[in-house]
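Novice: Take this sequence and fold it.
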Amino acid sequence: MADPDLDFQTGESGASATYPMQCSALRKNGYVVLKGRPCKIVEMSTSKTGKHGHAKVNLVGIDIFTNKKYEDMCPSTHNMDVPSIKRIDYQLVNINENYMSLMSDNGDIREDLRVPDNEVGKEIESKFEAGEEFMVTVIAAMGEECAVATKVLASK
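Specialist: The predicted structure follows:
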């Protein structure tokens, strides 16, 4: 019997999950991998060190999937990993047992994403129950995906 927790349908496009960027080139509201998690940078400060030391960059980031806060420090001349982030808008077709049926622009339906357990999830459920037609923005990074926003359908 196949293990239902294993999903072999995702094919890698060859693009890596992260790419290196020099720490001094990172910017607030950009993205970075902190403690192995894809994070949005919410605070950045640079501290000068002693006579021969390197300047250090202090980073504070919020995990884009769990909203947990992470902090890290890195010499400004070193590279840090930046997550490759994809945003895709889907039209919500249905919600069945806490899974969303999402239709992409080309008409493909996917039913493998749960309604997130947060404010966005509550918003998705209440709009769906009210019979509204809307798009769900799904963000994907480092092998994880999550619905992060809703938006009104553009009228054709």
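
Novice: quick one, helices of the chain?
Specialist: 119-129 (DSSP state H).

Novice: And it, what are its domain boundaries?
Specialist: 18-83, 85-152 (automatic domain parsing).

Novice: Output these as CSV; include the columns mean pLDDT.
Specialist: CSV is the format used below for the domains of the chain (pLDDT from 0 to 100):
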stretch, mean pLDDT
domain 18-83, 93
domain 85-152, 95
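
Novice: want to throw the ones you listed into a markdown table with mean neighbour count?
Specialist: To be clear about C-beta, it is placed using only N, CA and C from the backbone, and glycine gets the same treatment. Output for the domains of the chain, formatted as a markdown table (neighbours: other Cβ atoms under 10 Å):
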| stretch | mean neighbour count |
| --- | --- |
| domain 18-83 | 15 |
| domain 85-152 | 15 |
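
Novice: tell me the phi and psi of the nearest residue to residue 67 once chain neighbours are set aside?
Specialist: Spatial nearest neighbour of residue 67, excluding adjacent residues (Cβ to Cβ, 6 or more residues apart in numbering): residue 118 at 7.4 Å. Residue 118 adopts backbone torsions of phi -160, psi -170, taken as degrees, to the nearest 10.

Novice: quick one: residue 118 and residue 64 touch, right?
Specialist: No. Here residue 118 lies out of contact with residue 64, judged by Cβ atoms under 8 Å, at a distance of 12.0 Å.

Novice: Now do the strands in this protein.
Specialist: 18-22, 31-34, 37-47, 56-63, 69-75, 79-83, 85-96, 99-103, 109-114, 134-141, 144-152 (DSSP state E).

Novice: As a markdown table, those strands with distance to residue 125 would be great.
Specialist: Shown next, in a markdown table, are those (distance: least, Cβ to Cβ, whole Å):
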| stretch | distance to residue 125 |
| --- | --- |
| strand 18-22 | 32 |
| strand 31-34 | 28 |
| strand 37-47 | 25 |
| strand 56-63 | 23 |
| strand 69-75 | 26 |
| strand 79-83 | 28 |
| strand 85-96 | 7 |
| strand 99-103 | 10 |
| strand 109-114 | 12 |
| strand 134-141 | 11 |
| strand 144-152 | 10 |
